[in-house]
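**Q** Got a sequence here, can you build the structure:
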Amino acid sequence: MAQNGTSRRFLAIMAGTAGLLLAGCVNFSALDDLKQASPPTGSPFDQALFQDYAFLARSFGDVGQASYTAFDRDGSLSLNNSDNDVAALANAYASKALLLTRGELAEVEPSNDLQSHALRDRLVRALDPGRDVFARDAARAQADYDCWMMNQTVPSQGPAAAACRAALDVSLPRLEAEVHAIPQKPAAAATPAASGPAQ
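**A** Numbers count the residues shown, from 1 in each chain. Next up is the predicted model:
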């Protein structure tokens with residue numbers, strides 16, 4: 001039996017709709033994108049920071065990968081908020097790494113109290129000259145700080161947050177000492193103002 005043009009268009013639309021619906025079930029995560037990402041070609045600091053964020057993102061294993069289904073193995077929706085929080089955290093690190101692959105700036109995480117604010121200020125002051133001269137150590141200090149701040153947002157990651165804080169207590173003073181040892185350029189001598197044409 002021959003199909004008329006209307007039937008063929010209807011079947012094509014239905015096939016396309018089914019494909020879109022199935023594609024909608026596949027949610028790619030930042031971690032999935034990170035698997036395909038090439039390291040940044042920018043500064044040594046960006047390259048080192050990318051490696052640190054990518055390491056942190058992958059340290060959670062497959063928890064942050066897209067599951068390709070909305071159901072668990074028993075066919076019911078997963079309501080495990082702890083896993084969802086950890087997955088969101090892993091994907092947040094991956095997102096920061098991906099910013100660097102696009103040549104964008106990965107900002108230092110905001111502080112959440114006076115202690116973290118004081119450490120953030122120290123870090124930002126050290127990063128300004130340090131990222132160009134001590135790229136690896138500057139990236140490590142930023143990653144340690146962000147790791148401390150971001151892991152605090154997930155209750156189950158308290159021990160990881162404490163480990164990141166302990167690492168920051170080493171990496172930030174090291175960066176500050178390196179920056180302090182950079183020879184300071186003497187300020188340009190001010191030239192006296194001209195008093196008028198010579199007579």
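
**Q** show me what contacts the closest residue in space to residue 174 that isn't next to it in sequence?
**A** For residue 174, ignoring the flanking residues on the chain, the nearest one in space by C-beta to C-beta, 6 or more residues apart in numbering is residue 137 at 5.9 Å. (Glycine included, C-beta is placed from N, CA and C.) Contacts here follow C-beta atoms under 8 Å, 6 or more residues apart in numbering; on that basis residue 137 touches 130, 171, 174, 175, 178.

**Q** Could you list the buried residues of the helix or strand hosting the last one?
**A** Residue 178 belongs to helix 158-180 when elements are defined using DSSP states H and E. The neighbour-count check on helix 158-180 (16 or more other C-beta atoms under 10 Å) flags 160, 161, 164, 165, 167, 168, 171, 172, 175, 176, 178, 179 as buried.

**Q** So the residue nearest to residue 105 when sequence neighbours are not counted: helix, strand or coil?
**A** Using C-beta to C-beta, 6+ apart and skipping the chain neighbours, the partner closest in space to residue 105 is residue 99 (7.1 Å). Here residue 99 is recorded as helix under DSSP: H, G, I helix; E, B strand; the rest coil.

**Q** Residue 99: how many residues sit nearby?
**A** By the criterion of other C-beta atoms under 10 Å, residue 99 has 18 neighbours.

**Q** cool, residue 44 as well?
**A** For residue 44, the neighbour count with other C-beta under 10 Å is 15.

**Q** and the nearest residue to it once chain neighbours are set aside, what does it touch?
**A** Leaving out its chain neighbours, the residue that sits closest to residue 44 by C-beta to C-beta, 6+ apart is residue 135, at 3.8 Å. Contact analysis of residue 135 by C-beta under 8 Å, 6+ apart lists 43, 44, 45, 47, 48.

**Q** Could you do residue 119 as well?
**A** Neighbouring residues of residue 119 by C-beta under 8 Å, 6+ apart: 111, 145, 168, 172.

**Q** Assumed the first one was part of a strand.
**A** Translated: residue 111. No: checked against three-state DSSP, residue 111 lies outside a strand; its state is coil.

**Q** That one and residue 123 touch, don't they?
**A** No: with contact defined as C-beta atoms under 8 Å, residue 111 does not reach residue 123; the gap is 9.8 Å.

**Q** More neighbours: which of these two?
**A** residue 123 (26 against 16).

**Q** The residue nearest to residue 174 and residue 88, how far apart?
**A** Using C-beta to C-beta, to the nearest Å, residue 137 is found at 29 Å from residue 88.

**Q** cool, residue 162 as well?
**A** For residue 162, the distance to residue 88 - C-beta to C-beta - is 20 Å.

**Q** all helices of the chain, in order?
**A** With helices called from DSSP state H, the chain shows them at 5-25, 30-36, 44-58, 81-101, 114-133, 135-151, 158-180.
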